[in-house]
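Would you be able to build a 3D model of this:
(one chain, ligands or ions: 1)
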Amino acid sequence: MENKNTANGGDILARSPGRSYQELLDTEVNPVPDCLRENTNPYLGSENLSVDRYLSREFHEKEVEHVWKKTWQAVCRETEIARPGDTFVYDIVRFSIVVTRTQGGDLKAYKNACLHRGRQLVDENGNYENFRCPYHAFTWELDGEFTGAPCGWDFPHVEKEKFGLPGVKVDTWGGWVFINMDRGAPELRDYLGILPSHFERWKPENAYKMIHVEKVIPCNWKVGWEAFIESYHAIATHPQILKYTDDADSQYDVWGDHISRTITALGVPSFHLKNVSHQEVADTMFGVSAMVARPTEAEVPQGMTAREYIGQRNSEAFSQNHDRELASFATNSERMDSILYSIFPNFAPWAGFHPNITYRFRPNGDDHTTALMEVMVLCQLPTGAERPADVPVRRLGDNELFSEAPELGESLGGIFDQDLFNMPKIQKGMHNVESRELVLSNYHEVRIRHFHQTLDKYINGEI
Ligand SMILES: [Fe+2]
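I've put the predicted structure just below:
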């Protein structure tokens, strides 16, 4: 592919001169898992990106047809629909899907419509004995079988056996329920590629959802999504985290069409800063980061790095959430770093042994100018331990900030507020880009390229 980058002498493999994540892994005491040693070192071209992808209704319609109807999308936790009749409604653009647990314990997903006059069959999440349309009482069993309607004599032309609810594909990974409206889609396991093997060690299926906050954001859904798949913006948007975040030396990976990853080392200062002491790193991280224990006294012992010290404190704080003492096997990276995977198109789970953030972005209903942003935090528990109930979603109002959600607070919520502050200004600014093209970096923004290349493959029918 032609390299158009001349600012750095045309070097498509240029990297920050700071210590790489892989070099940092060389300092680990415990064995480093193979998945963290993977370094795909991607280069996907230097092409510009049209602003029409974010602004035009036409592009949104293509996404509806070729992306939302064709891809696997996470709906809820398996534990949120654990009992027979537990039902979740997943709305995506103009579509709605009902996911339920049958009497036999199977998961089923249906298009959310009564087959009589088309009314949405289920309005909200809850526990249902069966699905009875509120309009005329046409009723289906949880397993999709039609049980009848009032004045059945008036429908001699409806064959009961052929009037079952049309199903859509449903499957699970990592304790999440996924659906796919395309009956010809690949199985979830194949779609996820390397992801399940990478997460085997972190056991996301053992986690419960301890935080779930949603907000309507005033921008195209991809503007939101793309603010979370690179660490390049930290220097300007989140300056308070730089003392403990090595943003410039982040590692970016892509695998196949659907999976990508950023790993940003924490507990070490940004390469952009000079002369930050270990004590300053620890103090700032303990004071600001959500991915860290909160000790009352935090003096970094003589001869220890901030990263080693934070690793030790996190091991003490989070070992109770796992089957074994973290000090005995977990790397420092898995005790504190930002290890953020994404599954095309819109689901991004963090990895590691600390409580893990998970993001989801989607259009706000069928509106391509606003989006739903969700922040969840999952906390693992030892295998077989009783799990607290998953929390329901807290929906923030238009004037409420993430930091005003008490479960996020000023530290974590404040970071999302900083991202949120940019979003409407990105949406507005894009209308004024004279060339109508956005410029992306080769490495830091490679996941955005990867995402758009996959998007194009779906739109062009290549996947
Ligand atoms: Fe951010």
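
Report the contact partners of the residue nearest to Ile357 when sequence neighbours are not counted.
Once flanking residues are discounted, Ile357 sits nearest to Trp350: 4.8 Å by Cβ to Cβ, 6 or more residues apart in numbering. From N, CA and C alone the C-beta is placed, and that goes for glycine too. Residues touching Trp350, when contacts are defined by Cβ atoms under 8 Å, 6 or more residues apart in numbering, comprise Ser338, Ile339, Leu340, Tyr341, Asn356, Ile357, Thr358.

Quick check: His368 is in a strand.
Yes: with the criterion set as DSSP: H, G, I helix; E, B strand; the rest coil, the secondary structure at His368 is a strand.

And what about the closest residue to it other than its chain neighbours, helix, strand or coil?
Taking Cβ to Cβ, 6+ apart, and ignoring the residues beside it in sequence, His368 has His60 as its nearest neighbour in space, at 3.6 Å. Here His60 is helix, with the state taken from three-state DSSP.

ok, how many other residues are close to His60?
His60 has 22 neighbours, counted by other Cβ atoms under 10 Å.

same deal with the one 3 residues further on?
Number of residues near Glu63 (other Cβ under 10 Å) recorded here: 22.

That one should be in a helix, yeah?
Yes: in this structure, Glu63 lies within a helix as judged by three-state DSSP.

contacting residues around it?
When the contact criterion is Cβ under 8 Å, 6+ apart, the partners of Glu63 are Val93, Pro363, Leu455, Ile459.

and the first one, what pLDDT?
Predicted confidence (pLDDT) for Val93: 98.

correct me, but it touches Glu65?
No: applying Cβ atoms under 8 Å, one finds Val93 not in contact with Glu65, separated by 9.8 Å.

neighbour-wise, which of those two wins?
Set side by side, Val93 and Glu65 give different neighbour counts by other Cβ under 10 Å, the larger being at Val93 (21 against 13).

which ones are touching that one?
With contacts defined as Cβ under 8 Å, 6+ apart, Val93 is in contact with Glu63, Val64, Trp68, Arg362, Pro363, Gly365, Asp366.

So the residue most central in space within the chain versus Arg360, what's the distance?
Centroid-nearest residue in the chain, with Cα atoms, centre = their mean: Ala348, separated by 2.0 Å. When Cβ to Cβ, to the nearest Å is applied, the distance between Ala348 and Arg360 equals 7 Å.

try Asn442
Noted for Asn442: a distance of 28 Å to Arg360, by Cβ to Cβ.

Please pull out the lowest mean pLDDT helix or strand from the chain.
Sorting the helices and strands of the chain by mean pLDDT, DSSP states H and E puts helix 278-288 at the bottom, at a mean of 90.

tell me the helices in the stretch 1-150 of the chain, going along the chain?
When secondary structure is read from DSSP state H, counting those that start in this stretch, the stretch 1-150 of the chain shows helices at 21-25, 34-37, 52-55, 57-63.

Listing request: residues of this structure with sub-threshold pLDDT.
By pLDDT under 70, the low-scoring segments of the chain are 1-9, 290-291, 296-297.

Okay, domains of it per the record?
Under the assignment named as automatic domain parsing, the residue ranges that make up the domains of the chain are 21-55+201-459, 73-184.

Burial-wise, tell me which of the ones you listed comes out on top.
Each of these was given a mean neighbour count from mean count of other Cβ atoms under 10 Å, and the largest, a mean of 19, is that of domain 21-55+201-459.

what about it, how long is it end to end?
The first and final residues of domain 21-55+201-459 sit 35 Å from each other (Cα to Cα, to the nearest Å).

can you check stretch 141-156 too?
Using Cα to Cα, the end-to-end distance of stretch 141-156 comes to 20 Å.

Repeat that for stretch 23-41.
Separation of the first and last residues of stretch 23-41 by Cα to Cα is 14 Å.

coming back round to it: out of the helices of the stretch 1-150 of the chain, which comes closest to Thr79?
When these are compared by Cβ to Cβ, helix 34-37 sits nearest Thr79, at 25.3 Å.

list the helices and strands that closest one packs on?
Using 3 or more Cβ pairs under 8 Å, 6 or more residues apart in numbering; DSSP states H and E as the contact criterion, the elements in contact with helix 34-37 are helix 21-25.

Quick check: which helices or strands does the helix it packs on pack against?
Helix 21-25 sits against helix 34-37, helix 332-336, with contacts defined as 3+ Cβ pairs under 8 Å, 6+ apart.

For Phe451, give me its contacts.
Contact criterion Cβ under 8 Å, 6+ apart gives Lys222, Trp225, Glu226, Ile229, Ser260, Ser342, Phe344, Pro345 as the residues in contact with Phe451.

Right, I'll leave it there.
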